[in-house]
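S.K.: any chance you could fold what I've pasted below:
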Amino acid sequence: MTTTPARPRFTIPGLTPEQGAEVGGILQDRLNALNDLALTLKHIHWNVVGQNFIAVHEMLDPQIEAVRGMVDDTAERMATMGISPQGTPGAIVEQRSWDDYSLGRATTQEHLGALDLVYTGVIESHRAAQETTSDIDPVTEDMIIGQLRDLELFHWFVRAHLENIAGELSTSGASHEREAADSAAVGDELEGR
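M.R.: Numbering: from 1, shown residues only. Predicted coordinates for the structure are as follows:
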C-alpha cells in the first residue's frame, strides 16, 4: 500500500512538487518495508535455535546493519525531496500491505524458510518501485537498484540453506511463512541434516 504524502512545498530541482510527492509515497512504502525487514531480521536473530544456530545467528547481524543503512538512506532521500519520512512503528503497521512475521522461537530451517518469503516480498516490491521511479527520478532509482543488489545477495545467503544438491528450494511453492517454515523443516529432515 503506497501512501502519497502531502505535496511538498519544495522538492529537488528538475521535479515538480507533484512528482516529488509521488516518489515520496513510493519511498515511504519502501521505508516501511525496510524498517519491518530490519526488525524481522533482529527478531529471527533472537529466536533462532537448533542445528546451525551460530551460523545463522551471526549471518543475520551484517544483514541487519546493512538494512538499517538502507532505512537511513531512504528516509534521507525523502527529506531531500521535501517529504517528511514517517519512521514510527505506527506508520509501519498502519501503512503496510503485508502481515506481521508469524514465527517466534523456531529452528534455523523454519526461520530461513519463512525469511525466504519475506525477502521475496521485499525484493519484488523494491523491483516495482525501481521500475516506477525510473522515468521520474533516476537518482532514487539508482538508490533502489543499489539496495536491490544487497537484498538479492542476502536472499541468496538464505536460500543457500534451503537448496538441495539438485538446486531445488525446499520452500518452492510455499505462499505463507508457516507453510515455507514447515517445508524447510521437512526438506532439512529429508536431506538428513
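
S.K.: quick one: least confident helix or strand in the chain?
M.R.: Using mean pLDDT, DSSP states H and E, the weakest-scoring helix or strand in the chain turns out to be helix 177-190, at a mean of 79.

S.K.: list the contacts of that one.
M.R.: With C-beta atoms under 8 Å, 6 or more residues apart in numbering as the test, helix 177-190 has contacts from 51, 101-103, 106-107, 109-114, 116-118, 162, 164, 170-174. The way it works is simple: take the backbone N, C-alpha and C, and place the C-beta from them, glycine included.

S.K.: buried only: go through these for me.
M.R.: 101, 103, 106-107, 109-114, 116-118, 162, 170-171, 174 (16 or more other C-beta atoms under 10 Å).

S.K.: these in strands, which ones?
M.R.: Using DSSP state E, the members of the buried ones among the contacts of helix 177-190 that fall within strands are 106-107.

S.K.: now the strands for this structure?
M.R.: Taking DSSP E as the criterion, the chain contains strands spanning 48-49, 106-107.

S.K.: mind putting these into CSV with mean pLDDT?
M.R.: Converted to CSV, the strands of the chain look like this (pLDDT from 0 to 100):
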stretch, mean pLDDT
strand 48-49, 96
strand 106-107, 96
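
S.K.: residue 37: which of those strands is closest?
M.R.: Minimum separation from residue 37 across the strands of the chain (C-beta to C-beta) falls at strand 48-49, 15.9 Å.

S.K.: show me what that closest one is packed up against.
M.R.: In terms of contacts (3 or more C-beta pairs under 8 Å, 6 or more residues apart in numbering; DSSP states H and E), strand 48-49 is packed against helix 53-80, strand 106-107, helix 108-133.

S.K.: turn those into JSON lines, including distance to residue 90.
M.R.: JSON lines is the format used below for the helices and strands packed on strand 48-49 (distance: least, C-beta to C-beta, whole Å):
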{"stretch": "helix 53-80", "distance to residue 90": "16"}
{"stretch": "strand 106-107", "distance to residue 90": "27"}
{"stretch": "helix 108-133", "distance to residue 90": "20"}
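
S.K.: so which of these comes closest to residue 29?
M.R.: helix 108-133 (7.1 Å).

S.K.: what about the closest one, average pLDDT?
M.R.: When pLDDT is averaged over helix 108-133, the result is 97.

S.K.: quick check: angle from it to helix 177-190?
M.R.: 130 degrees (axes from the mean of the first three to the mean of the last three C-alpha atoms, to 10 degrees).

S.K.: work out which residue lies at the spatial centre of the protein.
M.R.: The centroid of the chain falls nearest to residue 122 when counting by C-alpha atoms, centre = their mean (3.8 Å).

S.K.: so, low pLDDT: which residues of the protein?
M.R.: Low-confidence segments of the chain (pLDDT under 70): 1-5, 187-193.

S.K.: mind naming the longest helix for it?
M.R.: Longest helix of the chain, by residue count under DSSP state H: helix 17-47.
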